[in-house]
Structures are given as C-alpha cells and as structure tokens.
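K.L.:
okay, here's the prediction I keep looking at, along with the sequence it came from:
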Amino acid sequence: MAAAGGSGAGSCFVLGASGATGRALLRELRARRLFARVTVIGRRRLSLAEESGTAVEQVVVDFERLSEHAAAFRGHDVGFCCLGTTRSKAGADGFVRVDRDYVAQAAELARAGGCKHFVLQSSQGANEHSRFLYLQVKGEVEKLVQAVGFDHCTILRPAVLLCTRQEFRPMEWITQHVLGAVAWLFPTAYSVPVETVARAMVASVLQPGKGKVEVLENKAIHQLGKAQPQLGT
C-alpha cells in the first residue's frame, strides 16, 4: 500500500492515462511518490514528459482481447480507472464497450491479480435505470465493479470536468466556459477541475472509507481533493 511523504511502497496501475483526468492523476502519483511502482495500462504507449518522481512502466494491451493480458494486472495493490470515451467519438456500441465492458473486465482481472482497492471515475447522475445512455452505462459499470468484490472500492461521481483537452469537443468547450464562471459562485455544485478529481482519487487510497464501497459525489470530491491527506492523519 502507498506510504506517505515520498517513500513509496507497493504498486498501482492506471487505466485511461491518456485522458484529462488520467494525465492529472499520473502527474499526482509521480510527484508525490506514493507507490514504488506505477504502471500505465493502455492501447498504445504515451509520450510522457520528463518529470521527477516515480518512474512509470507502460504496458500496451489489446482491450478486445484483454483476457490475454492478465499478467499486466497482477501484483498491484491499487487500481485507478479513468477509462472512457464518448458516443460521438466511438458510436453508441463503442461507448458501451469502452466505458462498461472494458472497465468491468479490467476490474475482474485486477481482482484476480491481487488488487485490493479499485478506484473508479464515474459521473454525476450515474444510474443504471436512466433513460440517458451515458448515465445508464455509468450506473451499470458501477454495479459491475462493486460486484467484483474488492476489499475497497471507491467510486467518484464528478460533475462537468474543467480541463484542457488534447482533442476539441465543441459542446464540452462551451459548457466548461459557462460553468467556469458559475464555479465562482457555486464552486462545488456543477463542475470540478480534473486536478481536484485526481487528488481525490489518491486521497481516497490514503484515507479509505470504513465500508467496502465508498461513493464520492461532486461536493465530497472537492473536499477530499483539496485536503491532500497524508497516511495516518
């Protein structure tokens, strides 16, 4: 398990490190040196900036044949999952496959490989009974991940993510700029910076909830993401 203060121990993996939250999470993990080993699992190698901190191992997998890559998920204490796509980019079927099926299978492989704590980035409003595909799929994957049986499972439900993406999403750009202004008045209601989500994901491992499953809504993400707690505090 992670240790406080720069003397990392244990191992973790990150899924979805190419996305905005995943990149912020990777920066946080490297800078704080909480783990002796950090592994990025993805469909391609990433060009990572030269930064001080924990070295990162990269493992390339074929998500369509994920069961053949079980070794990539072995020996990790913690798994962080920011994996996701959009319906506009992948189509409805592709979105379901990435955001639900890939994530659920990765969780199963992680548990079989010894992972004790799985941290999942979901979405505000996730509900398996929702009429909206996005929220329905997020609710379904939450249920599937919980059923895997990790010692600890943390689910974060952020509102609109404030970030600078590598790819341009027009509607999200408009929403972010509108909510960026609203955030001055209601800082925890409608949006959250990806850096805050990343810090909250790490903090949830340093200070896990009492139950097996902990669900963090947007306000709790803001609170936890600001604290940056140290182990044992």
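P.N.:
Okay, I see it.
K.L.:
any regions of this structure where pLDDT drops low?
P.N.:
For the chain, the stretches with pLDDT under 70 are 1-8, 50-53, 164-189, 227-233.
K.L.:
show me where it has strands.
P.N.:
Taking DSSP state E as the criterion, the chain carries its strands at 11-15, 37-42, 56-60, 78-81, 117-121, 152-156, 160-162, 191-193, 213-216.
K.L.:
so can I have a markdown table of those strands showing distance to Leu224 and mean neighbour count?
P.N.:
C-beta coordinates here come from the backbone N, C-alpha and C atoms, glycine included. Formatted as a markdown table, the strands of the chain follow (distance: least, CB to CB, whole Å; neighbours: other CB atoms under 10 Å):
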| stretch | distance to Leu224 | mean neighbour count |
| --- | --- | --- |
| strand 11-15 | 18 | 26 |
| strand 37-42 | 20 | 22 |
| strand 56-60 | 24 | 14 |
| strand 78-81 | 14 | 28 |
| strand 117-121 | 12 | 26 |
| strand 152-156 | 9 | 24 |
| strand 160-162 | 16 | 21 |
| strand 191-193 | 11 | 23 |
| strand 213-216 | 7 | 18 |
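K.L.:
save these as CSV, and put in distance to Phe132 too.
P.N.:
Compiled in CSV, those are given as follows (distance: least, CB to CB, whole Å):
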stretch, distance to Phe132
strand 11-15, 24
strand 37-42, 27
strand 56-60, 33
strand 78-81, 21
strand 117-121, 18
strand 152-156, 18
strand 160-162, 15
strand 191-193, 19
strand 213-216, 19
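K.L.:
what about those, which gets the closest to Gln223?
P.N.:
strand 213-216 (8.9 Å; CB to CB).
K.L.:
helices or strands up against the closest one?
P.N.:
strand 152-156, helix 194-206 (3 or more CB pairs under 8 Å, 6 or more residues apart in numbering; DSSP states H and E).
K.L.:
quick one: strands adjacent to it?
P.N.:
Strand 213-216 has the following strand partners under DSSP bridges: strand 152-156 (parallel).
K.L.:
how close does the closest residue in space to Ala203 that isn't next to it in sequence get to Val119?
P.N.:
The shortest distance from Ala203 to any non-neighbouring residue, by CB to CB, 6 or more residues apart in numbering, is to Leu224 (4.8 Å). Distance, Leu224 to Val119, using CB to CB, to the nearest Å: 12 Å.
K.L.:
joint contacts of these two?
P.N.:
Ser204 (CB atoms under 8 Å, 6 or more residues apart in numbering).
K.L.:
contacts for stretch 15-24, please.
P.N.:
14, 25-26, 40-42, 44, 46, 79-84, 103, 106, 121, 161, 163-165, 194-195, 197-198.
K.L.:
now do the same end-to-end measure for it.
P.N.:
In stretch 15-24, first residue to last residue: 12 Å (CA to CA, to the nearest Å).
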